[in-house]
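Chemist: Show me the folded form of this:
(one chain, ligands or ions: 1)
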Amino acid sequence: MKIAIISASARPGRQSHQVALEVKKRIDKLSIDSWLWDVKETNLPLLDYTFDSHPSPGETLKNLKSRLDETNVFLIVSPEHNGSYPGSLKNSMDYFFQEYSEKVFGIVSVSAGMLGGISAAKNLQQYANTLQGIVYPPYLITPKVQNLFSDGVLSDDGYAGRMDKFLKGFLALAKKLQ
Ligand SMILES: Cc1cc2nc3c(=O)[nH]c(=O)nc-3n(C[C@H](O)[C@H](O)[C@H](O)COP(=O)(O)O)c2cc1C
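Modeler: Model (predicted):
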């Protein structure tokens, strides 16, 4: 099993990236093979050609393609921006399609408000279905992200417990489906 954790915000001051790193840390502790797709780092241009139709895909796209082919589980960590997931995520992921097909998806949403990005989470489930993914039905919401970390360390025990519970269920489903 190989998991891609996708960090979806490309903003300079992004808070959801801390959550993505925390998820990665917890998955590493379980000795499960994973990698981080940070859309800010890959910084793909506005979509012109999808990978399959691209006349000259660059190294970044080719590397992503081979990593996605090796990956069978996706965990998207996304902020809520104006009631949905950010364009930075969709623009990056839309370069590919069959690379996601019939693979397992989990959703973690993040917001500064009380609702934890629940609208983004629901929209992402729909998006993952469109990509022909198999979506883990529960999602993890992350309200008030600005209060959860001190100096990059997760300091909220309640949220840490909810994250562990979510990961346990998600990983159990992912293993069953391998
Ligand atoms: C353009 C924009 C739109 C936003 N819209 C929402 C929103 O609809 N609901 C919400 O709870 N928070 C919203 N926020 C606040 C984010 O939830 C907050 O920035 C949080 O830290 C997660 O996003 P980030 O990872 O980009 O920092 C918005 C932030 C930005 C930059």
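Chemist: Which of the three states applies to the residue of the chain most remote from its centre?
Modeler: Using C-alpha atoms, centre = their mean, the residue of the chain lying farthest from its centre is residue 55. It sits 27.9 Å away. Here residue 55 is recorded as coil under DSSP: H, G, I helix; E, B strand; the rest coil.
Chemist: Quick check, pLDDT for the residue lying closest to it once chain neighbours are set aside.
Modeler: Leaving aside its chain neighbours, residue 55 sits nearest to residue 49 (6.7 Å; criterion: C-beta to C-beta, 6 or more residues apart in numbering). To be clear about C-beta, it is placed using only N, CA and C from the backbone, and glycine gets the same treatment. pLDDT recorded at residue 49 is 98.
Chemist: Number of residues surrounding residue 49?
Modeler: Using other C-beta atoms under 10 Å, residue 49 is surrounded by 12 other residues.
Chemist: host element of it?
Modeler: Residue 49 belongs to no helix or strand when assigned by DSSP states H and E.
Chemist: Tell me the backbone dihedrals of the nearest residue to residue 155 once chain neighbours are set aside, please.
Modeler: What sits nearest to residue 155 in space, not counting adjacent residues and going by C-beta to C-beta, 6+ apart, is residue 149, at 6.3 Å. Torsion angles at residue 149 (phi, psi; degrees, to the nearest 10) stand at phi -120, psi 140.
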